[in-house]
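> here is a sequence together with a model predicted from it:
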Amino acid sequence: EAQVTQNPRYLITVTGKKLTVTCSQNMNHEYMSWYRQDPGLGLRQIYYSMNVEVTDKGDVPEGYKVSRKEKRNFPLILESPSPNQTSLYFCASSFRGEYNEQFFGPGTRLTVL
Amino acid sequence: RKEVEQDPGPFNVPEGATVAFNCTYSNSASQSFFWYRQDCRKEPKLLMSVYSSGNEDGRFTAQLNRASQYISLLIRDSKLSDSATYLCVDTNAGKSTFGDGTTLTVKP
């Protein structure tokens, strides 16, 4: 089944404790992206990747890191999480990014205490 | 001013009604536009791509007006199952900007 998977789905952590949210797609998509969604707001793009080893900042990259060493994986790293990073995170992928539909993962609910 | 602005919601309509959402964008270089549907903070799913010539899919019609920089979504004969949040997005060179979403509730 074609899909985007994210792990963990739910995470409660404490300020300053490094964490990684994994994202993997099995559709051989070139483009992957991370978003966060906060109550009453749409999705805001954190980082995106047009292909392996190519990453770019979105609108809200501060406090996050990403890497794209393999086509299928695009992990999101929070080196020192803070409470303002409490949010719902979505990973997405698409064939090329510009003109193609994005497929979203199920989301990761992160709480930073 | 936000780069992508949507009609403020919520929209509460009876079954069978026709409802229209608008979305304006500020980046004239934006290349592609989409409407997504999101249920109860689950993952967004594509509803429609938006083409310059306009496109229709059953009860749904999407339009793009580049001169005025807005896109629209028309839903005819609303069903209870159309209740959701609708998100517009514009994409330019990999950067995707979503609107805040418009919530639609269709009532019996």
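Received the coordinates, thanks. Numbers count the residues shown, from 1 in each chain, chains lettered A, B, ... in the order given.
> B:Phe34 bridge partners, please.
B:Ser49, B:Val89 (DSSP bridges).
> isn't it right next to B:Tyr86, touching?
No - applying C-beta atoms under 8 Å as the test, B:Phe34 and B:Tyr86 come out as separate, 10.8 Å apart. The C-beta positions use only the backbone N, C-alpha and C, and glycine is treated the same way.
> give me the common contacts of the two.
B:Leu47 (C-beta atoms under 8 Å, 6 or more residues apart in numbering or on different chains).
> give me the pLDDT value at residue 39.
No chain specified, so I'll use chain A. Per-residue confidence (pLDDT) for A:Pro39: 86.
> chain B was what I was after
For B:Asp39, pLDDT reads 95.
> cool, and B:Pro8?
At B:Pro8, pLDDT is 74.
> can you tell me the closest non-neighbouring residue to it?
In this structure, B:Pro8 finds its nearest non-sequential neighbour in B:Thr102, 7.5 Å apart by C-beta to C-beta, 6 or more residues apart in numbering or on different chains.
> what's near enough to touch that neighbour?
So, once contact is read as C-beta under 8 Å, 6+ apart, B:Thr102 ends up touching B:6-11, B:21, B:85-86.
> just send those back as a markdown table, with secondary structure too.
Listed next are the contacts of B:Thr102 as a markdown table, based on DSSP: H, G, I helix; E, B strand; the rest coil:
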| residue | secondary structure |
| --- | --- |
| B:Gln6 | strand |
| B:Asp7 | coil |
| B:Pro8 | coil |
| B:Gly9 | coil |
| B:Pro10 | coil |
| B:Phe11 | strand |
| B:Phe21 | strand |
| B:Thr85 | strand |
| B:Tyr86 | strand |
